[in-house]
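# Build me a model from this:
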Amino acid sequence: MTPRYQHIPQPPHSAGEPYKGLRARIDPNQIPSPVDAIEADKEAWESQLYMTLPGNIPPMSTTDFIAFDQGNSNPKFMRVSTWNIPNSAHLARECEIPLAVVVQPLADLDPREEFVPLVDCGESGPPRCAQCRGYINPWCVWTAGGSRWRCNLCGHETEVSQDYFCNIDANFMRMDHADRPELNKGTVDFVASSEDYWAQPPLPKLTPTYFSTDLPSTAARKPRPMNYLFAFDVSFEAVESGLLKSACDTLLDILYGGEVTDGTPFNPYFPQSCGIGILTFDRTLHFYNLSSGLPQASLVVLADLDEIFVPIRDGMFVDPWQSRTVIEGLLSSLPDRNSMTSLREAGLGAALIAGLASLAGMGGHIVVFQSTMPTIGPGALDPLTDESRVYGTEKETTLFLPRDRFWREIAEECAEEGIAVSLFLGMSKTIDIGSIGTVSSITGGAMYFHPRFKPSRDQIVLASQLRRLVTRTTVYNCVMRIRCSYGLRISKYYGNFHQRSLTDLEAGVWDADKAFSASIEHARTLDERQYAYLQCALLYTTTDGERRVRTCNLALQVVSLAGSVFRYADMDATVCHLARQAMTDLSSHRMAQIREELTECCSTILLGYRRNCAAATAASQLIIPEAFRCLPVYILAVTKTKPLKGRTVSADVRNYYARKILSMGVRSTMQHLYPRLLALHDLEDTIALPNETTGQIAFPSLMGNSHVYMEARGVYLIDNEEYMIFWVGSDVSRQVLYELFGVQDLLALNSNMTYLPVLDTRLSRQVHNILAYRYSQRGYTPQMLFARQNMDGMEIEFSDMLVEDQNNGAMSYLDYLCLVHKQINTAVTQGVSISGGPSLRGSPW
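Modelled structure (predicted):
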């Protein structure tokens with residue numbers, strides 16, 4: 001007889017919020033499960049092709065599907081909150097689904113999918129509408145024997161140039177239709193070699209940020225390979241913590257290759273066509289001439305941080321291979337050269353101005369390694385006051401705004417120059433991400449957060465992050481715009497970028513991991529007999545210096561029935577967009593208000609379905625549409641994220657995660673909100689191992705994010721894209737411990753390990769295959785942590801990831817469903833709107 005094991009009590013966690021009032025009758029066994037939905041979608045789509053023609057509901061973002069582009073972009077590039085657009089603003093209001101599109105234009109594709117085609121239309125560039133400037137795409141119509149084409153966005157007919165002309169057949173299709181990817185595929189790259197597409201110089205400033213003997217250029221910038229400037233904080237904190245040495249060693253490995261811990265060599269990762277420059281800073285700025293003809297790098301020190309200029313031009317940016325000896329000597333010597341420093345200040349603002357001055361007129365990427373709050377030079381910040389005093393007050397929003405306008409101004413100037421700033425932060429105390437993080441957010445850079453940096457714990461993660469930074473698809477000097485067909489318009493954009501005009505988004509750099517969203521609204525009633533169209537255009541320069549335009553196109557069905565809108569709703573895109581809205585609102589609304597508005601939005605969507613599609617059901621019954629069956633748990637998860645959670649969290653942590661969520665793709669967002677939880681002690685013998693016949697690997701199913709499904713004899717892995725935590729139960733068997741960790745006693749397990757040992761056991765091979773699969777999905781390794789039941793402090797972080805439990809200053813999933821049910825029931829019985837009146841605002845919830 002199989003023994004029965006007791007489920008564990010809830011592990012140590014941050015306090016939650018109990019349910020207030022009488023509970024609705026909801027059967028816990030009937031609660032919609034995200035895991036069931038995820039696993040059912042995987043089973044349905046991982047064995048078949050998804051065709052992108054309008055009328056098909058795409059797989060969930062968490063599924064490893066293969067899409068075939070039939071004129072609509074792959075859902076990995078664009079997702080909308082409903083694939084059936086309401087024909088009027090009135091219907092959209094009735095349904096209450098926020099109309100939005102989430103765009104990740106450079107997303108990584110599955111290796112089994114077709115590459116995005118590159119189209120060269122000659123010197124004249126890609127054909128564009130003479131009226132709205134939209135790009136040619138599969139949904140345009142050919143007229144006048146092929147001499148004109150009608151734009152699907154605005155309806156204007158544009159003359160076809162002589163070099164692009166082709167006759168049309170009896171079906172009004174061009175004779176060369178099959179040979180033209182731009183007429184078949186929803187996503188294409190156009191070569192944009194014409195000077196009209198070059199990056200334009202920014203408007204000159206009345207008061208220049210830096211000093212230069214060169215006059216500001218008024219000509220368009222000719223495309224050129226991208227330069228990286230690596231800026232190292234060499235103050236006492238950076239040296240003492242080991243961040244400086246870790247960063248220098250990691251950069252050397254990325255530039256020239258190295259060896260892993262077992263002695264296996266690996267190749268360089270740095271893009272071959274890119275140049276590199278190096279800058280160090282503390283109370284002064286240190287520029288280095290890296291010319292290959294020098295025996296070692298020559299140093300020029302700039303002591304005046306109020307009058308910044310670039311003292312060297314030749315040798316500032318070099319080919320890393322031609323100057324290998326010079327760069328290796330410099331990076332190897334930097335930690336020792338600064339080992340005796342007593343300087344505790346680091347002028348980050350001055351370093352950014354120096355980077356701006358050196359890359360102005362070209363564009364590029366500044367990568368900063370910073371250990372301390374900038375208290376000297378431009379943008380100097382005073383130590384923060386007690387931030388706990390402002391929580392719950394009107395001043396709470398100031399935690400998410402820069403305390404000095406310098407940081408926004410330098411960020412905007414960098415973005416307009418085509419320069420991005422990425423920050424690696426390894427500090428021992430607060431660093432004010434609300435201020436300095438503005439630079440990476442507005443310029444399109446990335447931010448990596450390593451509080452209390454320890455090389456033994458953090459260097460593996462830092463190396464993985466920096467490797468991903470330079471190897472993922474990256475472009476610079478970027479301008480983006482979404483165009484809508486007649487009757488629709490974009491009302492607002494959400495994400496990390498610089499918006500200088502109402503229509504265009506600018507970023508110094510854009511990469512494969514970044515996405516943004518946009519709200520759509522009606523300008524007029526749409527015709528149900530025609531499609532509605534969206535086109536996102538990204539104008540950019542590749543890292544090797546080619547100017548291109550990527551266009552992503554969507555054709556969407558237009559409907560007049562609420563049931564059709566809900567049937568084709570996309571929960572992933574909706575949740576992702578609502579999470580971005582919430583993060584954006586942090587700088588203008590109190591957190592408690594944002595959490596309340598998220599709950600009301602969830603209830604309002606479900607109420608819209610009840611009123612329009614299930615009005616005959618009893619008010620006491622909770623009705624959830626199939627497409628949104630897991631919406632409540634994901635909205636609850638948004639309220640439990642670190643930027644929004646109700647309990648004490650430092651402002652730096654809140655700001656870091658808010659900026660991270662603003663730039664995440666749909667898949668990463670969903671897996672961050674509802675972390676993947678796996679039971680490792682119960683893996684079947686054949687799971688996560690290559691099939692002897694096909695060689696394919698089947699991976700285990702996930703489990704619900706709650707302690708009620710866990711046992712003390714178990715080992716569990718939870719993964720939220722930022723951390724992977726192994727939780728080891730107090731009653732775990734010696735065999736499992738030995739096969740997975742190489743120890744036979746729980747007390748012998750080192751909870752400070754930073755990686756999982758490689759052992760010659762079946763269980764070890766299975767788990768390493770799971771980890772390798774996840775690495776292939778995202779391209780980097782999150783920090784790996786270990787928590788033993790009732791023994792290690794990291795158990796609190798693990799328990800707080802169990803979003804179905806009562807924790808993070810919020811309710812459990814069951815209680816939250818009862819709250820949503822109460823809001824809907826009150827609105828139905830009283831005939832009022834959930835968010836429409838002060839009477840409901842003051843209700844018990």
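# can you pull out the helices in the stretch 101-250 of the chain?
With DSSP state H, counting those that start in this stretch, the ranges of helices along the stretch 101-250 of the chain come out as 236-241, 243-256.
# and the next helix or strand after the last one, average pLDDT?
The C-terminal neighbour of helix 243-256 among helices and strands, as given by DSSP states H and E, is strand 258-259. For strand 258-259, mean pLDDT is 80.
# residues making contact with strand 258-259?
Applying Cβ atoms under 8 Å, 6 or more residues apart in numbering, the external contacts of strand 258-259 come out as 252, 265-266. Any C-beta I mention is one placed from the backbone N, CA and C, and that applies to glycine too.
# Show me which of those residues is closest to residue 564.
residue 266 (52.3 Å; Cβ to Cβ).
# Quick check: longest strand in the protein by residues?
strand 547-559 (DSSP state E).
# Which SSE is immediately downstream of that strand?
helix 562-567.
# Who are the contact partners of residue 397?
Residue 397 makes contacts with 586-590, as judged by Cβ under 8 Å, 6+ apart.
# so what's residue 375 scoring on pLDDT?
Residue 375 is assigned a predicted lDDT (pLDDT) of 94.
# Measure how buried the residue lying closest to it once chain neighbours are set aside is and give me the count.
Spatially, and ignoring its direct neighbours in sequence, residue 375 is nearest to residue 345 (5.5 Å; Cβ to Cβ, 6 or more residues apart in numbering). By other Cβ atoms under 10 Å, the residues close to residue 345 number 20.
# doesn't residue 376 make contact with residue 345?
Yes: at 4.3 Å, residue 345 and residue 376 qualify as touching, with contact defined as Cβ atoms under 8 Å.
# Now do the shared contacts for those two.
With Cβ under 8 Å, 6+ apart as the test, residue 345 and residue 376 both reach residue 283.
# Please identify the buried residues of stretch 110-125?
Neighbour counts over stretch 110-125 (16 or more other Cβ atoms under 10 Å) mark 113, 116, 119, 121, 125 as buried.
# C-alpha coordinates for it, PDB please?
The C-alpha trace of stretch 110-125 is given here as PDB (Å, rounded to 0.1, in the frame of the first residue of the first chain):
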ATOM      1  CA  ASP A 110      12.100  28.900 -32.200                       C
ATOM      2  CA  PRO A 111      15.100  27.400 -34.100                       C
ATOM      3  CA  ARG A 112      12.400  25.300 -36.100                       C
ATOM      4  CA  GLU A 113      10.700  28.500 -37.300                       C
ATOM      5  CA  GLU A 114      11.600  30.500 -40.500                       C
ATOM      6  CA  PHE A 115      14.000  33.400 -40.100                       C
ATOM      7  CA  VAL A 116      12.700  36.900 -40.700                       C
ATOM      8  CA  PRO A 117      13.400  37.500 -44.400                       C
ATOM      9  CA  LEU A 118      15.600  40.400 -45.400                       C
ATOM     10  CA  VAL A 119      14.300  42.400 -48.400                       C
ATOM     11  CA  ASP A 120      16.400  44.800 -50.500                       C
ATOM     12  CA  CYS A 121      14.200  47.100 -52.700                       C
ATOM     13  CA  GLY A 122      17.200  49.100 -54.000                       C
ATOM     14  CA  GLU A 123      18.300  52.600 -53.500                       C
ATOM     15  CA  SER A 124      14.700  54.000 -53.200                       C
ATOM     16  CA  GLY A 125      14.000  51.800 -50.200                       C
END
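# ok so residue 43 is a helix residue?
Yes: counting by DSSP: H, G, I helix; E, B strand; the rest coil, residue 43 is part of a helix.
# thinking again about what came up before, out of the helices of the stretch 101-250 of the chain, the one nearest residue 401 is which?
Using Cβ to Cβ, the helices of the stretch 101-250 of the chain put helix 236-241 closest to residue 401, at 25.2 Å.
# Dump that closest one to PDB, restricted to CA.
Output of helix 236-241 as PDB, limited to C-alpha atoms (Å, rounded to 0.1, in the frame of the first residue of the first chain):
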ATOM      1  CA  PHE A 236      36.600  51.900  -2.400                       C
ATOM      2  CA  GLU A 237      33.200  50.100  -2.400                       C
ATOM      3  CA  ALA A 238      33.600  48.600  -5.900                       C
ATOM      4  CA  VAL A 239      37.100  47.300  -5.000                       C
ATOM      5  CA  GLU A 240      36.200  46.100  -1.600                       C
ATOM      6  CA  SER A 241      33.100  44.200  -2.700                       C
END
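# So what touches it?
Residues outside helix 236-241 that contact it (Cβ under 8 Å, 6+ apart) are 232, 244-245, 335, 338-339, 341-344, 346, 369-372, 426-428, 452-454.
# Make a ChimeraX selection of the buried ones in these.
In ChimeraX, this line selects whichever of the contacts of helix 236-241 come out buried by 16+ other Cβ under 10 Å:
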select :232,244,245,335,338,341,346,369,370,371,372,426,427,453
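# Could you tell me which of the contacts of helix 236-241 belong to strands?
Going by DSSP E, the strands hold 232, 369-370 from those.
# Take those residues and lay them out in CSV including pLDDT.
What follows is the ones in strands among the contacts of helix 236-241, written out as CSV (pLDDT from 0 to 100):
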residue, pLDDT
232, 98
369, 98
370, 97
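# follow-up on the earlier one: the longest strand of the chain packs against which elements?
Packing partners of strand 547-559 (3 or more Cβ pairs under 8 Å, 6 or more residues apart in numbering; DSSP states H and E): strand 78-80, strand 84-86, strand 187-191, strand 532-542.
# Next, find the distance separating the residue sitting nearest the centre point of the chain from residue 581.
A centroid search over the chain (Cα atoms, centre = their mean) returns residue 664, at 1.5 Å, as the residue closest to the centre. In this view, residue 664 and residue 581 are 14 Å apart by Cβ to Cβ, to the nearest Å.
# do the same with residue 255
40 Å.
# same question, residue 476
Note on residue 476: its distance to residue 581, by Cβ to Cβ, is 28 Å.
# mind checking which helix or strand of this structure has the lowest mean pLDDT?
Ranking every helix and strand in the chain by mean pLDDT, DSSP states H and E puts helix 838-841 at the bottom, with a mean of 41.
# neighbours around the closest residue to residue 137 other than its chain neighbours, how many?
Leaving aside its sequence neighbours, residue 137 sits nearest to residue 553 (Cβ to Cβ, 6+ apart; 4.5 Å). Residue neighbour count, defined by other Cβ under 10 Å, stands at 30 for residue 553.
# swap in residue 648?
Around residue 648 there are 10 residues (other Cβ under 10 Å).
# can you confirm it is in a strand?
No: going by three-state DSSP, the assignment for residue 648 is coil, not a strand.
# Contacts only, for it.
Contacts of residue 648 (Cβ under 8 Å, 6+ apart): 388, 391.
# Centre of the chain to stretch 587-604, how far?
22 Å (Cα atoms, centre = their mean, to the nearest Å).
# who's in contact with that stretch?
Residues outside stretch 587-604 that contact it (Cβ under 8 Å, 6+ apart): 96, 98, 391-394, 396-397, 400-401, 578, 582, 585-586, 631-632, 635, 638-639, 643-644, 646, 810, 816, 819-820, 823-824, 827, 833-835, 845.
# Buried only: go through the residues you listed for me.
Neighbour counting with 16+ other Cβ under 10 Å marks 96, 98, 391, 396-397, 400-401, 578, 582, 585-586, 631-632, 635, 638-639, 643-644, 646, 810, 816, 819-820, 823-824, 827, 834-835, 845 as buried within the contacts of stretch 587-604.
# And the strands in the stretch 701-845 of the chain?
Applying DSSP state E, counting those that start in this stretch to the stretch 701-845 of the chain gives strands spanning 715-719, 723-728, 783-788.
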